[in-house]
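Engineer: Quick one, fold the following:
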Amino acid sequence: MCGRLFQKTPAAEAARIFATANPVPNIPPRYNAAPTQDVLAVRFNPETGQRSLDLLHWGLIPIWAKDRSIASRLINARSEGIDKKPSFADAFRRRRCLVPADGFYEWKKDGKHREPFAVTMRDGGLFAFAGLWERWRGEGGEIVRSFTIVTTAANDLLSPIHERMPVIVHPADYDRWLGAAPADEAELHALMKPFPAERMRVYPVDPAVGNVRNDDPHLIEPMAAMAPAGEPAGANPA
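Structural biologist: Below you'll find the model as predicted:
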C-alpha cells in the first residue's frame, strides 16, 4: 500500500518536470503527506491538450458517494480488477492522474513493533505514482477533487517490508497513463506492474514519521545508527 509520501521538490520545479501549463499551486515542500490532505497531482485536459498540476484531496470520493467519509477507505486502489470495481472503474477509464513524489514511507511489522522505511529512486529523482481522480459534488454544492494511488504486488526490494507497493509510471508512459496518447485497457493493465527493484532504494527513518503532525526535512534522512540498504552507515539518501 501507500499511506505516506513526500514531495520535497518545489512545486514550480515539479511543474517544469511534468510540463504543466496552469499557474503553479502555492504549497510548500511536504515531508510527510498523508491521506485526507491536499497533495500535488498531474492531470490531462483533453479539451486543451495540456497537463495541469493541481492540489487534490488524498482519498477518492466516487461521484455516487453520499458524503466524504468514504475517502479514508479509498486512499489506494488495487490494480487487480480495478476496471470492474464500482469505486474505480469509471475513473480508471476516464480520469487517470500522476502523483509526483520524491519518495514514500512504508512500515515493516514485527509483532507489535513497526519500523518505518523511506523508499526513493536510486538516482534521487522525482517520479510519479499512477493515480485515479474524481470530481464530487456534495449536497451543499461543494466540489471536491480527490484521488487514489494505484498499488500492485511489491518488487523484490520491498517485499520483505510489505506485500504491496504503489504503481510507479515510467516517464515514457506518462502520456498513455494520463490519456494524452492512445492506450487500450490491455496496455494500461501492462503499466500496472512492480517497478524495477534495481532502480530503487530503501532505508530506515525516524519513527517520528508515524505522527502526521511531524513534517520537516529530517524525516527523510536515514537513521544515524543504521545504514541504508546498499550504503555505508551515515550516508545521505540519493
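Engineer: Could you list the residues in contact with the helix or strand Thr120 falls within?
Structural biologist: Here Thr120 sits within strand 113-121, counting by DSSP states H and E. The contact list for strand 113-121, computed with C-beta atoms under 8 Å, 6 or more residues apart in numbering, reads 6, 102-108, 127, 158, 161, 165, 199-207, 209-210, 220, 222, 237-238. (C-beta placed from N, C-alpha, C; glycine too.)
Engineer: Restricted to strands, list the residues you listed.
Structural biologist: Counting by DSSP state E, the contacts of strand 113-121 place 6, 103-108, 127, 165, 200-204 in strands.
Engineer: would TSV of those with distance to His189 be doable?
Structural biologist: Formatted as TSV, those follow (distance: C-beta to C-beta, whole Å):
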residue	distance to His189
Phe6	28
Gly103	26
Phe104	22
Tyr105	27
Glu106	24
Trp107	28
Lys108	29
Phe127	20
Met165	17
Met200	22
Arg201	27
Val202	26
Tyr203	31
Pro204	34
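Engineer: for this structure, what spans make up the strands?
Structural biologist: 5-7, 30-33, 38-45, 50-58, 76-78, 96-101, 103-110, 113-121, 127-137, 143-153, 164-166, 200-204.
Engineer: Touching, Ala33 and Leu5? I think so.
Structural biologist: Yes. With contact defined as C-beta atoms under 8 Å, Ala33 reaches Leu5; the gap is 5.2 Å.
Engineer: Comparing the two, which residue is more hemmed in?
Structural biologist: Legend: neighbour count by other C-beta atoms under 10 Å for Ala33 and Leu5, higher for Leu5 (25 against 22).
Engineer: Contact partners for that one?
Structural biologist: Going by C-beta under 8 Å, 6+ apart, Leu5 touches 30, 33, 39, 99, 101, 103-105, 129.
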